[in-house]
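Q: Give me a model of this one.
(chains A and B)
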2 protein chains.
Amino acid sequence: LGPEGVRVLRDTILHARACAPDVPIILDAKRGDIGNTSRMYAVEAFDVLGADAVTVNPYMGADSLSPFLERSDRGVMILCRTSNPGAGAVQDLLVSAGDGPLPLYHVIARLVAREWNTNGNCGLVVGATKPAEVAEVRSLAPGLPILLPGIGAQGGDLSGSVIAGLDEAGAGLLVSVSRAVLYADSGERYAEAAAASARRFRDEINSHRGTS
Amino acid sequence: LGPEGVRVLRDTILHARACAPDVPIILDAKRGDIGNTSRMYAVEAFDVLGADAVTVNPYMGADSLSPFLERSDRGVMILCRTSNPGAGAVQDLLVSAGDGPLPLYHVIARLVAREWNTNGNCGLVVGATKPAEVAEVRSLAPGLPILLPGIGAQGGDLSGSVIAGLDEAGAGLLVSVSRAVLYADSGERYAEAAAASARRFRDEINSHRGTS
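A: Numbers count the residues shown, from 1 in each chain, chains lettered A, B, ... in the order given. Take a look at the predicted model:
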């Protein structure tokens, strides 16, 4: 928090990059602001902090995200259907569309797939709490990567969501497990416990990849 | 940007507080995240940086904002209808409501006024670009403060928006003018030019307060 927190974040990213240079680093910053401010947020995420991708909020529309979308060498993961309990009060609102009423998060998925992804660097954030929602987003945006949080501490359905979210090639998913890895153990062996937890999740995810 | 940017932000807030202790400081951070993350963002905004209020994004729903909403001694300004050109693609989407289709930003205004403002510390962010939209939000949320950006560099309609947004008491508006004050002059007399610009906006705003 404050200046020291940003320094720790930057050091953590540098350390992750040094340890695992092939693993993409996604900054879960949920940005979204008017153009001149977004431009500097994009510089912060990609150039100052060195992230490969960043999460952004769609509420302010495409121009608020264009400084991110224009960075064709980086990824932009757009919030679509989030995993928190109150998300539905906004994201499930029924919107009048040409082909009938659709939940707002369906409209966002279509906007991203059809209009915002001009540089081919967009993905969608869809919580793992309801596999049916993951399946709906996958069918609306067959070619987009889905960032899938909500596994572990948030109680999401890993097998159901992975099976629902895989693309035609059996890929297209970034499964994010945060607290269940970070806080796997608070004792001296926290590092081994975190590694074991990460491996367990990895293996379980991969065990579902043949089943879609 | 980065640690140094946060330090400058904190120093700027401390300086503003020392110069003008009665002027509220609103951190335009547009936060919105799952509960445990939002909780730390609230601590950052209110306790580490010392802001009186913060702007937040409604897309993730009430529980994503509750760590802010619970701080009854601080203000929470929720994005409703923003002033950027592409905002309408999301915020004007027509939502099926009990009493007919309504633009999404009307639904957000009603959610805040009726459900999220339990501690009486909410306001709405409505861009000054279209006075008719300011008037609609004022009628949906007669008792909420409106933060009105978009004046100055963004070309908003000051007189129309102020007249449309005043509450019954001829108040209830926080008119934000950023670049037209900050960058009033790039020469040596920038401070005087900024002060003159701020006074000019203040006087023009107040000249409309009798006309609502």
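Q: going forward, measure contacts between C-alpha atoms and count neighbours the same way
A: Will do.
Q: what sits against the most centrally placed residue in chain A?
A: For chain A, the residue nearest the mean C-alpha position is A:L147 (3.4 Å; CA atoms, centre = their mean). Neighbour list for A:L147: A:77, A:123-126, A:173-176 [criterion: CA atoms under 8 Å, 6 or more residues apart in numbering or on different chains].
Q: Next, give phi and psi for it.
A: Main-chain torsions, A:L147, degrees, to the nearest 10: phi -90, psi 120.
Q: what's the spacing between it and A:G172?
A: 9 Å (CA to CA, to the nearest Å).
Q: what do you get for A:S64?
A: According to CA to CA, A:S64 stands 26 Å off from A:G172.
Q: Could you do A:R81 as well?
A: 17 Å.
Q: Then A:V6?
A: 30 Å.
Q: and what of A:G32?
A: 24 Å.
Q: Return the residues in contact with the most far-flung residue of chain A relative to its centre.
A: In chain A, the residue that sits farthest from the middle, by CA atoms, centre = their mean, is A:E188; the gap is 30.7 Å. Contact partners of A:E188, counting by CA under 8 Å, 6+ apart, are absent.
Q: and it, helix, strand or coil?
A: Reducing the assignment at A:E188 to three states with DSSP: H, G, I helix; E, B strand; the rest coil gives coil.
Q: And A:G32 and A:G172? Which one has more around it.
A: When A:G32 and A:G172 are compared for neighbours, A:G32 comes out ahead with 28 against 19, by other CA atoms under 10 Å in any protein chain shown.
Q: Next one: that one, what pLDDT does it get?
A: What the model reports for A:G32 is a pLDDT of 96.
Q: roughly how far apart are the nearest residue to it once chain neighbours are set aside and A:G170?
A: Spatially, and ignoring its direct neighbours in sequence, A:G32 is nearest to A:N57 (5.3 Å; CA to CA, 6 or more residues apart in numbering or on different chains). Here A:N57 is placed at a distance of 27 Å from A:G170 (CA to CA).
Q: who has more neighbours, these two?
A: Comparing A:N57 with A:G170 by other CA under 10 Å, the one with more neighbours is A:N57, at 27 against 16.
Q: Look at A:G98 and say how many residues are nearby.
A: The burial count for A:G98: 7, using other CA under 10 Å.
Q: What separation is there between it and B:L94?
A: Distance from A:G98 to B:L94, by CA to CA: 11 Å.
Q: Excluding chain neighbours, what is closest to A:V23?
A: A:R17 (7.5 Å).
Q: where does the one you found fall, helix, sheet strand or coil?
A: Strictly by three-state DSSP, A:R17 counts as helix.
Q: For it, grab the count of nearby residues.
A: Neighbours around A:R17, by other CA under 10 Å: 16.
Q: and if you look at A:I34?
A: A:I34 has 20 nearby residues by other CA under 10 Å.
Q: Excluding residues flanking it in the chain, which one is nearest it?
A: Using CA to CA, 6+ apart, the nearest residue to A:I34 is A:S64, at 5.0 Å.
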